[in-house]
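Enquirer: Below: sequence and its predicted model.
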Amino acid sequence: MESSYTAQTPDEFIAELKKRLSQNPGCGVSHYNLGTAYVAKGRFIEAEAEFLQAVECSPNLAEAYVQLGGLAMNKGNMDGCLEWNEKASRARPLFAVPFGNIGFVHMQRGELDKAEKSLRRAIKIDPKYVQAMATLGNCLFMKGELDTAEFHSTKALEVEPMFGPAMNTLALIAMERGDFAKAKELVARARETGFEPHPDMVREIEAALAK
């Protein structure tokens, strides 16, 4: 479908979608595409309006609910994020992303059992869903289940070797086991991916190695 667009730039793409919607305002996919174009431009208020139009026109467009969840999270609205992703999961029960996001929200709230259940479901739907694997690793670390946390974090790196959050979890596991040299090495690797570990964690590793 995308191949029929002639736009060369994001602004041309936005103009083309607006033209399409003027001719067919009930097309949920065009509203969704316009919303994602606005997100790319950082125009979040307009993006939100388009995603709301998208789900009004196409109530089963799960991706639009996920985008609305992302916009809610950007505003720090965890309840809204959870609600939109739950709608996405109901609209398309075999779409892994909303389950990953639901798990992330539960983890942020310290609801670790709920988080684990949702993240495991996401990975069952999509076994290569690296973000859900890494989040599950982090969740299991928070539960004190170091071996299974290590297993899922390592699996995430098998799929995406440069995934910083999974390396960070492995560094935390190494610290928990008293292997600060390994933790330091993992933190350095995580930084190479652009991920910035928590300063307190870095200080704790340095202090342990200085003894």
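Expert: That came through, no problem.

Enquirer: lowest-pLDDT helix or strand in this structure?
Expert: Least confident helix or strand, the chain: helix 10-23 with a mean of 89, by mean pLDDT, DSSP states H and E.

Enquirer: got the contact list for that helix?
Expert: Here helix 10-23 makes contact (Cβ atoms under 8 Å, 6 or more residues apart in numbering) with Tyr5, Thr6, Ala7, Cys27, Ser30, His31, Asn33, Leu34, Ala37, Tyr38, Ala40, Lys41. Where you see a C-beta, it was placed from the backbone N, CA and C, and this is true even at glycine.

Enquirer: of these, closest to Lys182?
Expert: Ala40 (39.1 Å; Cβ to Cβ).

Enquirer: Render the CA-only coordinates of the helix or strand following the least confident helix or strand of the chain in CSV, please.
Expert: Going down the chain from helix 10-23, the next helix or strand is helix 28-40, by DSSP states H and E. What follows is helix 28-40, C-alpha atoms only, in CSV (Å, rounded to 0.1, in the frame of the first residue of the first chain):
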residue,chain,number,x,y,z
GLY,A,28,-8.5,4.6,9.5
VAL,A,29,-5.2,3.5,7.9
SER,A,30,-4.6,7.0,6.4
HIS,A,31,-5.3,8.6,9.8
TYR,A,32,-2.9,6.2,11.4
ASN,A,33,-0.2,6.9,8.7
LEU,A,34,-0.7,10.6,9.2
GLY,A,35,-0.4,10.2,13.0
THR,A,36,2.9,8.3,12.6
ALA,A,37,4.2,11.1,10.3
TYR,A,38,3.3,13.7,12.9
VAL,A,39,5.1,11.6,15.6
ALA,A,40,8.2,11.6,13.4
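
Enquirer: Good, wrapping up.
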